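Novice: fold the following.
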Amino acid sequence: MTEGTPIDNQPSAEEKTGILPFTSSTPFTMGIELELQLVNRRNYNLASDAVDLLTWIEPRELQKQIKLEMTQGMIELNSDVHTRVDQLIEELKGLRAALNRGAQYLNIDVSGGGAHPFQHWNEQRITPSERFSHLHEKYGYLAKTFTVFGQHIHIGVPNGDDALYLTHAFSRFVPHFIALSAASPFYQGADTKFASSRSNVVRAFPLSGTAPVLHRWTDFESYYDELLQMGIVESMKDFYWDIRPKPEYGTVEIRVCDTPLTIEHAAHLGCYAQLLARWLLTERPFVISDDFYLLYQYNRFEASRYGLKGAIASHGDTPANSYKQPIYEHILNLLQDLQRYTQNDAEQLALDRLRHMARERLTDADWLRQTFAQRGSLNDMMRLSSELWMGQEPPPYFQ
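Specialist: Down below sits the predicted model:
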């Protein structure tokens, strides 16, 4: 989002006092953030050039949408707020072009993907910033292991009560977003056997996981104020939940996605969240109760480990009504239900692309593994991955 990367903003006056007014925004608008890898052209390891790269971004006004991150091998793109997925894609193309131009001056490339396949966390350099230095001091080595790359999706909501409902309702579809975005099968030089190894790194942080089961924004303010007074949190940015409300933006933020290998796929995931939100807030299909998250960790693991080939477990009123279903089938059924919420051909195209991926069980993680198998080199795999991000032909399942 153009307001800035969440981790780099300072706490507002409201956050310091425990008062969190929710800024109303236009329902179902969307914006995305993309954390990207900077790689050198010698061996395609991470390049600690983010600070220098930012100075080369032209036109200069785009610097408010291209942000530094925790370590210097990362850069983040922040989209504007959109109602249409095709307009989001066009904006991302412009941001990518500006980033590519700047990268050429430094002889580096840019890549998507959820984790660099062979970087070592202890070699990463913390970006100069009071905020990042504080996080490094607080979290120790975890700050550097957080050199992983995710896509965050923001969906606009009109008020805090709706934001809390959507935060919880979205959680039922976290396996969808993990499986569809999975792009980190390699980590620290090894095949992890996971579709998304990045998911495990994020879980190491305190206050990760899921938001407390609260229904009214006033109750959430009380919860937040208590943690603030105890010194457990300093601002909303200290919550590393998979899905969290962002009161200053007026959004709900989905944080479980790996950064895809192409901007088109990133935008389609944003559209998927947009359509989901239309359905969830219009029909209110779930009752959010204390046992809402009983199967959450199992389903999250299945998606991280097996991607679209994993399973989703659902519990009914009785054990006999409980069941497991392949994630790809669960996605295909939901995509069919969401057809009635599409408003234009661009949204229909996004659903068609996601439907093809689910039906064929094809993901970026599969592309990375296949490319490594063909080339026999993680370095060469990263070279081809960077070419993909920087504008070469997308994989066949995106065409």
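
Novice: going by C-alpha atoms from here, please, whenever you check contacts or count neighbours.
Specialist: Will do.

Novice: grab the most central residue of the protein for me.
Specialist: residue 151 (2.7 Å; C-alpha atoms, centre = their mean).

Novice: list the buried ones in the helix or strand containing that residue?
Specialist: Using DSSP states H and E, residue 151 maps to strand 150-156. For strand 150-156, burial by neighbour count (16 or more other C-alpha atoms under 10 Å) applies to 150, 151, 152, 153, 154, 155, 156.

Novice: tell me the contacts of the third one?
Specialist: So that's residue 152. 32, 33, 34, 253, 254, 255, 256, 257 (C-alpha atoms under 8 Å, 6 or more residues apart in numbering).

Novice: let's see it at 7 Å
Specialist: 32, 33, 34, 253, 254, 255, 257 (C-alpha atoms under 7 Å, 6 or more residues apart in numbering).

Novice: going by neighbour count, which of these comes out on top?
Specialist: In terms of neighbours by other C-alpha atoms under 10 Å, these top out with residue 257 at 29 neighbours.

Novice: ok, now which ones touch that residue?
Specialist: Taking C-alpha under 7 Å, 6+ apart as the test, what residue 257 contacts is 150, 151, 152, 177, 178, 181.

Novice: swap in residue 88?
Specialist: 82, 267.

Novice: tell me which element it falls in.
Specialist: helix 85-106.

Novice: give the next helix or strand downstream of that helix.
Specialist: strand 108-111.

Novice: send me that next one as PDB with only the CA atoms.
Specialist: Extracted in PDB, the C-alpha atoms of strand 108-111 (Å, rounded to 0.1, in the frame of the first residue of the first chain):
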ATOM      1  CA  ILE A 108      22.000  -6.800 -10.300                       C
ATOM      2  CA  ASP A 109      18.700  -8.600 -11.100                       C
ATOM      3  CA  VAL A 110      15.400  -8.900  -9.300                       C
ATOM      4  CA  SER A 111      13.400 -12.000  -8.600                       C
END
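
Novice: quick one: contacts of it?
Specialist: Outside strand 108-111, the residues that touch it by C-alpha under 7 Å, 6+ apart are 36, 37, 38, 39, 40, 41, 103, 385, 386, 389, 390.

Novice: need phi/psi at the last one.
Specialist: Right, the one you point to is residue 390. Phi and psi for residue 390, reported as degrees, to the nearest 10, are phi -80, psi 0.

Novice: any idea how far residue 108 is from it?
Specialist: Distance, residue 390 to residue 108, using C-alpha to C-alpha, to the nearest Å: 11 Å.

Novice: just the element for residue 212, please.
Specialist: Residue 212 belongs to no helix or strand, assigned by DSSP H and E.

Novice: picking up where we left off before, I'd like the contacts of strand 108-111 as TSV, with secondary structure, distance to residue 90 and pLDDT appended.
Specialist: Formatted as TSV, the contacts of strand 108-111 follow (DSSP: H, G, I helix; E, B strand; the rest coil; distance: C-alpha to C-alpha, whole Å; pLDDT from 0 to 100):
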residue	secondary structure	distance to residue 90	pLDDT
36	strand	18	98
37	strand	21	98
38	strand	22	98
39	strand	24	98
40	strand	27	97
41	coil	27	96
103	helix	20	96
385	helix	21	97
386	helix	19	97
389	helix	15	95
390	coil	14	92
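
Novice: highest neighbour count among those residues?
Specialist: Most surrounded of these: other C-alpha under 10 Å gives residue 37, at 30 neighbours.

Novice: for it, what are its contacts?
Specialist: Contact partners of residue 37, counting by C-alpha under 7 Å, 6+ apart, are 46, 73, 74, 75, 110, 111, 112.

Novice: identify the bridge partners of it.
Specialist: For residue 37, the beta-bridge partners are residue 74, residue 111 (DSSP bridges).

Novice: buried subset of the contacts of residue 37?
Specialist: For the contacts of residue 37, a burial check counting by 16+ other C-alpha under 10 Å picks out 46, 73, 74, 75, 110, 111, 112.

Novice: what ranges does the stretch 251-399 of the chain have for its strands?
Specialist: Taking DSSP state E, counting those that start in this stretch, the strands of the stretch 251-399 of the chain run over residues 251-258, 311-314, 323-326.

Novice: partner strands of the first one, with direction?
Specialist: Just to be clear, that refers to strand 251-258. Assessed with DSSP bridges, strand 251-258 is paired to strand 150-156 (antiparallel), strand 243-246 (antiparallel).

Novice: can you lay out those strands as CSV showing distance to residue 80 and mean pLDDT?
Specialist: Shown next, in CSV, are the strands paired with strand 251-258 (distance: least, C-alpha to C-alpha, whole Å; pLDDT from 0 to 100):
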stretch, distance to residue 80, mean pLDDT
strand 150-156, 10, 98
strand 243-246, 16, 97
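
Novice: for the ones you listed, which one sits closest to residue 359?
Specialist: strand 150-156 (22.9 Å; C-alpha to C-alpha).

Novice: contacts for the following helix or strand past that closest one next, please.
Specialist: Under the assignment DSSP H and E, the closest C-terminal helix or strand after strand 150-156 is helix 160-171. The list of residues contacting helix 160-171 from outside it, by C-alpha under 7 Å, 6+ apart, reads 22, 157, 215-217, 243-245, 251-252, 280-281, 286.

Novice: now the spatially closest residue to residue 364 that is not a sequence neighbour. Its backbone dihedrals?
Specialist: Distance criterion C-alpha to C-alpha, 6 or more residues apart in numbering; nearest residue to residue 364, sequence neighbours excluded, is residue 183 at 5.0 Å. Dihedral pair for residue 183: phi -150, psi 40, per degrees, to the nearest 10.

Novice: all numbers from here: first residue = 58
Specialist: In the new count, where the first residue is 58, that last one comes out as residue 240.

Novice: ok, residue 240 - contacts?
Specialist: Residue 240 touches 170, 171, 252, 253, 315, 317, 421, 422, counting by C-alpha under 7 Å, 6+ apart.

Novice: which stretches of the stretch 58-207 of the chain form strands?
Specialist: 87-97, 123-125, 131-135, 165-168, 207-213.

Novice: redo those strands as TSV? Include distance to residue 409.
Specialist: Formatted as TSV, the strands of the stretch 58-207 of the chain follow (distance: least, C-alpha to C-alpha, whole Å):
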stretch	distance to residue 409
strand 87-97	19
strand 123-125	30
strand 131-135	25
strand 165-168	25
strand 207-213	20
